[in-house]
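Q: Kindly return the folded structure for what I paste below:
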Amino acid sequence: MSILITHGIVDYTSGVRHWVSFRDNIYDATKIYSPKFNLSYSTPPHYCRMFLDCSQKRIGIVMASQDKCATLRSGMLKCYDTNKKLIVKASIEDHEVNDELYFTFKSSKFDDIVRVELHDSSALVVNKTKTPAAVKKSCTSTLSTDLAKLLCIGDYADVEIHCKDGEVMKCHKNLLAARSPVFKTMLDSDFKEKDSGTIKLDYMEIGIVKELLSFIYSGIVEHPQKAMELLGAADQFQIQDLKDICGELLASTMAVDNVLEILAAADRYRLTELKTSAMALVVLNAKTLVNTPKFKEFCTECVDKQLVVDIVKAQAYK
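A: This next block holds a predicted model:
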């Protein structure tokens, strides 16, 4: 079993993992990641990503989980140009993927690569040796659970967040201030929130506020399907790690039917890697996308108008 990966389009096929990366003079990228895929087809899954590192002229594989490492026991890495001609082939035998595994090629060949295939006949994924860092991670997990309970129960809460439709969440000033520079400014300065003990977010749905607070307290995104709405909240309250996670979640679900929305969000919220991957998929499907109502909406919402120009140029070259 293997996976077809085309910037967010994941399809189970037989024999090979494909990852397509469209690269030309229209849109330049320094480092492009594929969506996550299960390296060993195991349950629970052990995710990794493939990537093109354009500045260093190399292709790599990186484990998505920091507590896992892998050995690719056998396999093959194949790269093709725009004419579907095989230009690079590298054997894989007992290669370890600890943090990142690199395959470096001559620059003349690397610049022609538009398609990467990972043929892996066997892979072994194991836990890393337990180190003080791993112990620290375990303790952090316990702390995360305890803080999530504190939010749920509301003990010793000293501030209220008032949401849309009159919903109220009881919170703790010190945690809000520690996790968000925006909340810290509200609670530290001469803003009325400091004295009243009330923060009004009456324009936000209670569901998004709950997701935001859950992450502030526990570091966990409870409902990944709300990543798009949560991204806006993360940007507003300047919670960078939540923005990054939302970007990864959107990348993992990216397909032709939602890529314009994701590209607009990546542009609006300055998520460079997501913007690069989304743009690559849009360019690859420009001829289809430019004639849709979604493209007209995208042209209106997009902050970076050069993206629109690039897409139209790509459509003209098809």
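Q: only C-alpha atoms for contact and neighbour calcs from this point on.
A: Fine.
Q: Quick check on Val221: phi, psi?
A: Note on Val221: its backbone torsions stand at phi -90, psi 110 [degrees, to the nearest 10].
Q: right, and it touches Phe215 too?
A: Yes: taking contacts as Cα atoms under 8 Å, Val221 lies within contact range of Phe215: 5.8 Å.
Q: so where do the helices sit in the stretch 201-318 of the chain?
A: In the stretch 201-318 of the chain, the segments counted as helices under DSSP state H, counting those that start in this stretch are 206-218, 227-236, 240-252, 259-268, 272-284, 286-289, 293-301, 305-317.
Q: which stretch in these has the least confidence?
A: Sorting the helices of the stretch 201-318 of the chain by mean pLDDT places helix 305-317 lowest, at a mean of 74.
Q: Please spell out the segments of the protein that come in under the pLDDT threshold.
A: 1-31, 33-46, 64-74, 94-101, 105-108, 120-141, 190-191, 193-195, 303, 314-318 (pLDDT under 70).
Q: Outline the domain layout of it.
A: Residue ranges of the domains in the chain are recorded as 2-127, 132-223, 254-317, according to automatic domain parsing.
Q: got the helices of the stretch 201-318 of the chain as JSON lines, with distance to Lys200 and mean neighbour count columns?
A: Compiled in JSON lines, the helices of the stretch 201-318 of the chain are given as follows (distance: least, Cα to Cα, whole Å; neighbours: other Cα atoms under 10 Å):
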{"stretch": "helix 206-218", "distance to Lys200": "11", "mean neighbour count": "20"}
{"stretch": "helix 227-236", "distance to Lys200": "14", "mean neighbour count": "19"}
{"stretch": "helix 240-252", "distance to Lys200": "21", "mean neighbour count": "20"}
{"stretch": "helix 259-268", "distance to Lys200": "24", "mean neighbour count": "22"}
{"stretch": "helix 272-284", "distance to Lys200": "31", "mean neighbour count": "24"}
{"stretch": "helix 286-289", "distance to Lys200": "40", "mean neighbour count": "18"}
{"stretch": "helix 293-301", "distance to Lys200": "27", "mean neighbour count": "15"}
{"stretch": "helix 305-317", "distance to Lys200": "34", "mean neighbour count": "16"}
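Q: On the three-state scheme, Ile199 is what?
A: Assigned with DSSP: H, G, I helix; E, B strand; the rest coil, Ile199 falls in the strand class.
Q: I'd guessed it sits against His162; true?
A: Yes: contact between Ile199 and His162 holds when scored by Cα under 8 Å: they sit 6.2 Å apart.
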